[in-house]
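Enquirer: give me a 3D structure for the following:
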Amino acid sequence: MVVLMVVGAALLPKLNIQYSPRSVNNNVSVWFSYNGASSRVVEQEVTSIIEGALNSLEGVINVSANSYQGSGNVTLTFKKGTKMEAARYSVATQIRQIYDKLPEGVSYPAINSSISGNSNSMTLLSYTINADMPADRIVKYAQDLIVTPLSRIEGVESVRTSGARPFEWLLTFDPNSLRAVGLAPADLSAAFNDYYRNSIVGSSVIGDRLMLIKLRTEDLNVDLERIPVKKVNGRLFYLGDFAKVFRDQCELTIDNTGGSEVLYEVAMGSGASNSRGDVGWAIGVPVTNASSGKGTTTIQTCLSPTYYFSFDPRDIRRDATCAVVQYETELLPKLSGPRELPIGKWNRLWTPGLTTGSAKSTGINWPLMRYPDVLLMFAEAENEVNGPTQAAKDALKAVRSRAFQPTDHTAMVHAYVDALGSKDDFRNAIVDERAWEFGGECLRKWDLVRWNLYAEKIDKVKRTIWEMGRAARGIDLDLP
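Expert: Below is the predicted model:
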């Protein structure tokens with residue numbers, strides 16, 4: 001629904017006493033939109049023309065103009081003592097005369113003056129438009145066939161539309177990853193506002209997982225994942241740090257481009273009953289309340305707290321693998337206990353088609369081999385045969401380079417790998433890297449068995465957890 005209001009100069013007798021006196025700021029602003037146009041095009045084809053036409057009006061002492069992507073404005077300042085009603089009428093007259101010279105697609109400029117209080121204008125007409133079409137098409141129809149013709153009528157002060165939603169983006173983000181690094185949803189909103197500045201109206205966070213961005217223009221082309229959010233402990237986080245690869249699986253996304261890193265996976269059925277697999281039900285982020293709208297989980301696989309703390313804090317994989325919260329409802333998370341650290345790679349809240357009564361049979365495929373597995377198998381085999389050759393190191397670097405931001409590559413990729421000078425050092429690095437890369441993917445047991453490290457690693461985890469408990473209670477770890 002779109003509502004249009006026509007405000008005209010009312011022929012009312014003027015009173016000698018103003019019961020609601022006006023405060024006058026001698027400014028008149030002209031705003032317009034030009035969807036899809038760059039700021040340079042807006043400046044050259046619209047803003048400069050309007051500025052030139054209005055600059056010569058009587059009483060103007062200053063003109064300021066701004067051109068943005070898809071919109072612009074011109075503000076006139078009139079000298080003290082100017083009758084602002086007459087000044088606004090002069091501006092409206094000039095706009096009517098030049099509008100036909102502006103490019104097709106430019107909205108009819110809206111005129112605003114900084115006058116408050118009593119006014120000699122009143123609303124003459126109000127139209128309500130309903131149609132079975134998107135709101136932006138209704139607005140365009142109203143703009144072309146109603147707003148523009150009515151605005152050209154002498155005596156009409158302004159024609160305004162309301163009730164239509166602006167162009168919007170709705171983004172979903174992972175609050176678990178945000179909290180794990182000390183960020184909040186407000187940081188994402190601030191990053192959008194700062195990055196786009198004048199290209200968006202604003203952004204707001206809805207609940208705990210959604211953010212609404214209102215655009216000034218229909219299209220904004222940018223790599224969203226590369227928008228910087230905030231620097232924490234020396235590391236700059238980007239918007240893309242808070243999901244992907246495994247989210248595609250949860251969203252049942254099919255990559256037909258040949259660029260998917262999942263090389264081999266168990267395809268779950270698309271039918272009903274129990275033919276669609278238990279990924280996101282038995283393994284993944286817990287959802288414990290059926291009112292979430294996505295059903296419930298019965299999580300049977302968790303990670304140990306020692307695994308979480310084994311990561312370098314700058315390693316992106318930690319926050320993608322370890323979920324520190326579970327959901328009582330879809331948008332109300334609570335912290336998970338250290339004894340039940342869920343696997344964050346699969347989240348049924350991302351999966352389409354699930355309902356309140358859903359449980360098992362999510363339809364999420366299970367990955368058996370990803371490309372990093374190939375790289376690390378090659379690096380391991382090369383080291384066992386020829387030692388830590390450059391080829392082996394390059395393969396390991398390829399895996400680690402994705403786990404860290406470019407600003408961390410010097411220390412955490414190149415220096416880290418280049419320091420592995422012996423076969424044993426490189427082998428131990430592979431043991432660690434496979435743990436960090438494939439957490440929760442059920443490969444670790446078989447890796448440890450073939451390395452003959454299963455008992456040693458299990459004992460180490462038990463010992464570390466025991467020591468963590470003693471330290472938490474203030475017990476001297478050196479005591480037996």
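Enquirer: tell me where the model's unsure across the stretch 151-300 of the chain.
Expert: Where the stretch 151-300 of the chain drops to pLDDT under 70, the residues are 155-158, 160-177, 179-180, 196-226, 235, 238-260, 270-275, 289-293.
Enquirer: can you pull out the strands in the stretch 351-480 of the chain?
Expert: Using DSSP state E, counting those that start in this stretch, the strands of the stretch 351-480 of the chain run over 366-370.
Enquirer: longest helix in the protein, by residue count?
Expert: helix 454-472 (DSSP state H).
Enquirer: output the contacting helices and strands for it.
Expert: Applying 3 or more CB pairs under 8 Å, 6 or more residues apart in numbering; DSSP states H and E, one finds that helix 454-472 contacts helix 305-310, helix 444-450. Using the backbone N, CA and C atoms, a C-beta is placed for each residue, glycine as well.
Enquirer: out of those, which is closest to Val431?
Expert: Closest to Val431 of the helices and strands packed on helix 454-472 is helix 444-450 (CB to CB; 7.6 Å).
Enquirer: tell me the buried residues in the closest one?
Expert: Neighbour-count burial for helix 444-450 flags Arg444, Asp447, Leu448 (criterion: 16 or more other CB atoms under 10 Å).
Enquirer: what about the closest residue to the second one other than its chain neighbours, distance to Ala186?
Expert: Nearest residue to Asp447 in three dimensions, chain neighbours excluded: Arg434, at 5.6 Å (CB to CB, 6 or more residues apart in numbering). Separation of Arg434 from Ala186 (CB to CB, to the nearest Å) stands at 37 Å.
Enquirer: compare those two and say which is more crowded by neighbours.
Expert: Neighbour count, other CB atoms under 10 Å: between Arg434 and Ala186, Arg434 has more, with 22 against 13.
Enquirer: re earlier: the residue nearest to Asp447 touches Trp446, doesn't it?
Expert: No. Using CB atoms under 8 Å, Arg434 is not in contact with Trp446, being 10.5 Å away.
Enquirer: domains in the chain, as residue ranges please.
Expert: 2-162, 167-240, 244-364, 370-471 (automatic domain parsing).
Enquirer: ok so, going back, rank the helices and strands packed on helix 454-472 by pLDDT, which is bottom?
Expert: Note on the helices and strands packed on helix 454-472: helix 305-310 shows the lowest mean pLDDT, a mean of 91.
Enquirer: export the helix or strand following that helix as PDB, just CAs?
Expert: Going down the chain from helix 305-310, the next helix or strand is helix 316-321, by DSSP states H and E. Taking Å, rounded to 0.1, in the frame of the first residue of the first chain, the C-alpha atoms of helix 316-321 are listed here in PDB:
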ATOM      1  CA  ILE A 316      39.100 -18.400  11.800                       C
ATOM      2  CA  ARG A 317      38.300 -22.200  12.000                       C
ATOM      3  CA  ARG A 318      37.900 -22.100  15.800                       C
ATOM      4  CA  ASP A 319      34.800 -20.000  15.700                       C
ATOM      5  CA  ALA A 320      33.300 -21.900  12.700                       C
ATOM      6  CA  THR A 321      33.900 -25.300  14.400                       C
END
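Enquirer: who are the packing partners of helix 316-321?
Expert: Using 3+ CB pairs under 8 Å, 6+ apart: helix 316-321 touches helix 175-180, helix 390-403, helix 423-437.
Enquirer: for that helix, give the mean pLDDT please.
Expert: Per-residue pLDDT over helix 316-321 has a mean of 86.
Enquirer: what does stretch 341-355 give?
Expert: 81.
Enquirer: buried ones in it?
Expert: In stretch 341-355, counting by 16+ other CB under 10 Å, buried: Leu341, Pro342, Ile343, Gly344, Lys345, Trp346, Asn347, Arg348, Leu349, Trp350, Thr351, Leu354.
Enquirer: biggest separation within these, which pair?
Expert: The farthest-apart pair in the buried residues of stretch 341-355, when distances are taken by CB to CB, is Leu341 and Leu354, at 23.6 Å.
Enquirer: so which bits of stretch 311-329 are buried?
Expert: Neighbour counts over stretch 311-329 (16+ other CB under 10 Å) mark 311, 314-327, 329 as buried.
Enquirer: after the longest strand anywhere in the chain, which helix or strand is next?
Expert: For the chain, the strand that runs over the most residues, judged by DSSP state E, is strand 23-33. Next helix or strand after strand 23-33 toward the C-terminus (DSSP H and E): helix 39-42.
Enquirer: taking strand 23-33 as reference, get the angle to the very next helix or strand once past that next one.
Expert: Next along the chain after helix 39-42, taking DSSP H and E as the criterion, comes helix 48-55. With axes from the mean of the first three to the mean of the last three CA atoms, to 10 degrees defining the directions, helix 48-55 sits at 150 degrees from strand 23-33.
Enquirer: for helix 48-55, packing partners?
Expert: strand 23-33, strand 60-68, strand 71-78, helix 84-98.
Enquirer: buried deepest among the ones you listed, which one?
Expert: Stretch with highest mean neighbour count among the helices and strands packed on helix 48-55: strand 71-78 (a mean of 22; mean count of other CB atoms under 10 Å).
Enquirer: give me the contacts around that one.
Expert: 26-34, 42-43, 46-47, 50-51, 54, 57, 59-66, 84, 87, 91, 198, 216-217 (CB atoms under 8 Å, 6 or more residues apart in numbering).
Enquirer: mind putting the helices and strands packed on helix 454-472 into JSON lines with distance to Glu382?
Expert: Shown next, in JSON lines, are those (distance: least, CB to CB, whole Å):
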{"stretch": "helix 305-310", "distance to Glu382": "25"}
{"stretch": "helix 444-450", "distance to Glu382": "17"}
